[in-house]
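1. my questions are about this predicted structure, shown below with the sequence.
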Amino acid sequence: GRPLQDDELVEVRVTLSVPGEERPPSDRRREAIVRIAEQAEQQGGALTVRDLASLLDVSPATIRRDLAALRDDGVAVATRGRRVG
């Protein structure tokens, strides 16, 4: 998408992990993606794939694969450039 103007930037606070998670790393990461994206959206923001990759310490390609898997499972995740209506 187009670069954001300074007055369009929104600071958001997100929870990166939840104690006691005992599922496979990909499941935990996908749950974290959904949680983080929802928290950002509730605060009036939307994260990019690069933002999510940086927060979760994985590559953008991994995030794109996770987003595709989530979509295949019927879970739509809003990211900057891909709003869910």
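-> That came through fine.
2. low-confidence ranges, this protein, go.
-> The model of the chain has pLDDT under 70 over residues 1, 16-23, 81-85.
3. distance between the ends of stretch 47-63?
-> The straight-line separation of the ends of stretch 47-63 (Cα to Cα, to the nearest Å) is 12 Å.
4. I'd say Ala40 and Thr15 touch.
-> No: look at Ala40 against Thr15 with Cβ atoms under 8 Å: they stay out of range, at 11.1 Å. Heads up, the C-betas are built off the backbone N, CA and C, glycines and all.
5. okay, those two: which has more neighbours?
-> Ala40 (21 against 9; other Cβ atoms under 10 Å).
6. got a list of what the more buried one touches?
-> Applying Cβ atoms under 8 Å, 6 or more residues apart in numbering to Ala40 gives the contacts 12, 14, 46-47.
7. can you name the two of the residues you listed that sit furthest apart?
-> Val14 and Ala46 (12.1 Å; Cβ to Cβ).
8. the helices in this protein, which residues?
-> Counting by DSSP state H, the chain has helices at residues 25-42, 49-56, 60-72.
9. distance to Ala78 added to those helices, as TSV?
-> Below are those laid out as TSV (distance: least, Cβ to Cβ, whole Å):
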stretch	distance to Ala78
helix 25-42	5
helix 49-56	11
helix 60-72	10
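10. quick one: closest of those to Leu4.
-> helix 49-56 (11.8 Å).
11. and the closest one, what's buried?
-> Within helix 49-56, the residues that count as buried by 16 or more other Cβ atoms under 10 Å are 49, 51-53, 56.
12. how close does Ala61 get to Gly44?
-> 28 Å (Cβ to Cβ, to the nearest Å).
13. er, Arg35 actually
-> Arg35 is 17 Å from Gly44, by Cβ to Cβ.
14. please report phi then psi for the nearest residue to Gly45 once chain neighbours are set aside.
-> With sequence-adjacent residues excluded and distances taken as Cβ to Cβ, 6 or more residues apart in numbering, Gly45 is closest to Val10, at 3.9 Å. Dihedral pair for Val10: phi -130, psi 130, per degrees, to the nearest 10.
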